[in-house]
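J.: this one's sequence-less:
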């Protein structure tokens, strides 16, 4: 099998693992998909396209991701909800010096406490993936969202 | 290619075949994705998490799945609708004695008779997959749904 | 790895590339996924099932696809929006004389200018895929949609 296709499958498998942790309330697992010096942010499309940096979440290492999870578990008060991610359009854009850049569309359906499901947010991940001891990790993940509503976004990672 | 990654691809392919049969009204094909002694159920997240067994659909072998299809084709009266599944977050959890356990998020969009499409149901499959004569089959599939609305759920499998 | 499974992966990768171009406003890339003598149409499920040909978009070669993109970029006036495709249920139906037929469910979520996201359209692709100089291309793609609302459909390809 072609090497690029094999890498594509591996990046797909990583993306599936990533959304599985978010969709099934295994938030403690979430930081483990990143490198120690990772960059993670969630930013509106409008700002991203205009080159204006105004992310609603901004973490510059894995420790900040862990802190965020602790905060979500213990401190924050927010309406309980369930996410389900649908990811598609995963493509590899470049591979250089062991860094794979990749993008992937996402649709997040949310079910609220009342049991109503709807499209909560759509967007695209801009990812950089590296191999660490044989395992793929995100060294960078930027979730650029199309949707304007971002209220509960402030609570749970995308 | 790593053996686990190869199995992951095969389980993905099975999941795609499964939802294809449901989305394209090939219901007669649906029981063939299961073993003769399979277990299939649809259960609300609330009950599943609390360990309370109160599935809305409960089948304990392939024959019951076939009966269900016959019933849907000939007896039941329900509003005609179309499902489209989006599956993501497919991960393998364990493989032991030839049994692979796996989970997978789903979003089902429904288009009703009036032609309106919306998110009908979201949830997660808890699957056990086995190999029978070289072909992967579900020996167990539990669809745990997040959404409260389950009316038409009583009609068509998820 | 089994040859059919390998082909399935390649057709999956093609489908991901295809929706990536549509979801990320790289419309100029869109015609390149097709053969020069391709057939592309979008047709309501009702007409498709009844064998009545009344597609809302109908292109019989790659040049018509290119013209369509030029028209979208320069001439058409339509509300700006973002699509996000979720594709699932991708199965290969047949392979004969180098032609692979395949179907795949899609859910398109649309975010409008006001930043509201919802399920815009669901349906199924009926594809014929061929290999040209080692690269998979669509020689035929028919998007059969379930949803009745098709207004903005007239603007952007699915």
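T.: Great, that's in hand. Bear in mind the structure is a predicted one, so any value in this text is a computation, not a measurement.

J.: closest point of chain A to chain B, which residue?
T.: Across chain A, the shortest distance to chain B (Cβ to the nearest Cβ) belongs to residue A:115, at 2.5 Å. Bear in mind the C-beta positions are built from the backbone N, C-alpha and C, glycine included.

J.: sec struct for that residue, please.
T.: Three-state assignment for residue A:115 (DSSP: H, G, I helix; E, B strand; the rest coil): coil.

J.: ok, the nearest residue to it once chain neighbours are set aside - contacts?
T.: Distances taken as Cβ to Cβ, 6 or more residues apart in numbering or on different chains place residue B:148 nearest to residue A:115, at 2.5 Å, with adjacent residues excluded. Contact partners of residue B:148, counting by Cβ atoms under 8 Å, 6 or more residues apart in numbering or on different chains, are A:114, A:115, A:116, B:44.

J.: repeat that for 10 Å
T.: A:111, A:112, A:113, A:114, A:115, A:116, A:117, B:44, B:45, B:46, B:121 (Cβ atoms under 10 Å, 6 or more residues apart in numbering or on different chains).

J.: need the max-distance pair from these.
T.: Using Cβ to Cβ, the contacts of residue B:148 span at most 16.5 Å, a distance reached by A:113 and B:121.

J.: those helices in chain A, which residues are they?
T.: Here chain A has its helices, by DSSP state H, at A:3-23, A:45-50, A:62-74.

J.: please, where are all the strands along chain A?
T.: Using DSSP state E, the strands of chain A run over A:34-44, A:57-59, A:82-96, A:99-111, A:117-132, A:135-145.

J.: could I get the buried residue list for the second one?
T.: Of all the residues in strand A:57-59, those buried under the rule 16 or more other Cβ atoms under 10 Å in any protein chain shown are A:57, A:59.

J.: pretty sure residue A:42 contacts residue A:123?
T.: Yes: look at residue A:42 against residue A:123 with Cβ atoms under 10 Å: they come within range, at 8.5 Å.

J.: between the two, which has more neighbouring residues?
T.: For residue A:42 and residue A:123, the more surrounded residue by other Cβ atoms under 10 Å in any protein chain shown is residue A:123, and the numbers stand at 27 against 21.

J.: so the more buried one sits against residue A:141, correct?
T.: No: using Cβ under 10 Å, residue A:123 makes no contact with residue A:141, being 11.7 Å away.

J.: residues contacting the closest residue to residue A:119 other than its chain neighbours?
T.: Closest residue to residue A:119 apart from its sequence neighbours, by Cβ to Cβ, 6+ apart: residue C:117 at 4.5 Å. Going by Cβ under 10 Å, 6+ apart, residue C:117 touches A:107-109, A:118-123, A:145-149, C:82, C:84, C:109-111.

J.: what's the pLDDT at the one residue in chain A that gets nearest to chain C?
T.: Among the residues of chain A, residue A:148 lies closest to chain C, at 2.5 Å counting by Cβ to the nearest Cβ. Residue A:148 is assigned a pLDDT of 75 by the prediction.

J.: relative to residue B:142, how far out is it?
T.: 36 Å (Cβ to Cβ, to the nearest Å).

J.: picking that back up, going through the contacts of residue B:148, which ones are buried?
T.: Using 16+ other Cβ under 10 Å as the burial test, these include A:111, A:112, A:115, A:117, B:44, B:45, B:121 as buried.
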